[in-house]
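**Q** Below is the sequence, then the predicted model.
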Amino acid sequence: MQRNSGQLHGERMSGDFSGLAVVVEAQFKAKGGGYLYRRNCKGAPVLVTAEQRRKLVAMFRRRCRLAGRWSLAGAGLALVLILAGRRGPPELLFAPAAVLMAAMLLPPFYVLWAWNAPARALRRRRT
């Protein structure tokens, strides 16, 4: 079996979190003309159409791209603040450190929230 670096299940990683969509897609199993969705592949099955599955996966990908952009923007802002703060007192370096921490910590939580979006959208549907 040949391994390609930078690929996950045949999909190219794009530098953001959208490569995780492969794992989200795994929560949908084909059944007849539609799909059964199981939260984390273990939850109660919910029947969805192919169009609903496509929209839910596309929504996850969009949110992951947004989280990736937030990470890059936050890291860029932190770099600018660090370079600008080098000339001032050391206390000014706290702000870039806080921005960098937020840029690193907030996007993964947003991705986790996006991960559970299909379950929230389908929670009132019968199994």
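**A** Received the coordinates, thanks.
**Q** mind listing what's buried in the top helix by length along the chain?
**A** Secondary structure of the chain per DSSP state H: the longest helix is helix 50-85. Under the neighbour-count criterion of 16 or more other C-beta atoms under 10 Å, helix 50-85 has 52-53, 56-57, 60-61, 63-64, 66-68, 70-71, 74, 77-78, 81-82, 85 buried. Quick note: C-beta positions are derived from backbone N, CA and C, even for glycine.
**Q** before we move on, what about stretch 101-108?
**A** Residues A103, P107 are the ones in stretch 101-108 that count as buried (16+ other C-beta under 10 Å).
**Q** Output the helix or strand just after the longest helix of the chain as PDB, nothing but the C-alphas.
**A** Using DSSP states H and E, the helix or strand that follows helix 50-85 in sequence is helix 94-115. Output of helix 94-115 as PDB, limited to C-alpha atoms (Å, rounded to 0.1, in the frame of the first residue of the first chain):
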ATOM      1  CA  PHE A  94       1.200  40.400  26.900                       C
ATOM      2  CA  ALA A  95      -1.400  41.400  24.300                       C
ATOM      3  CA  PRO A  96       0.300  39.500  21.400                       C
ATOM      4  CA  ALA A  97       0.700  36.400  23.600                       C
ATOM      5  CA  ALA A  98      -3.100  36.600  24.400                       C
ATOM      6  CA  VAL A  99      -3.900  37.000  20.700                       C
ATOM      7  CA  LEU A 100      -1.700  34.100  19.800                       C
ATOM      8  CA  MET A 101      -3.300  31.900  22.500                       C
ATOM      9  CA  ALA A 102      -6.800  32.800  21.300                       C
ATOM     10  CA  ALA A 103      -5.700  32.000  17.700                       C
ATOM     11  CA  MET A 104      -4.500  28.600  18.800                       C
ATOM     12  CA  LEU A 105      -7.300  27.700  21.200                       C
ATOM     13  CA  LEU A 106     -10.500  29.000  19.700                       C
ATOM     14  CA  PRO A 107     -10.600  27.400  16.200                       C
ATOM     15  CA  PRO A 108     -10.400  23.800  17.500                       C
ATOM     16  CA  PHE A 109     -13.400  24.500  19.700                       C
ATOM     17  CA  TYR A 110     -15.200  26.000  16.700                       C
ATOM     18  CA  VAL A 111     -14.400  22.900  14.700                       C
ATOM     19  CA  LEU A 112     -15.800  20.700  17.500                       C
ATOM     20  CA  TRP A 113     -18.900  22.800  17.500                       C
ATOM     21  CA  ALA A 114     -19.200  22.400  13.700                       C
ATOM     22  CA  TRP A 115     -18.600  18.600  14.100                       C
END
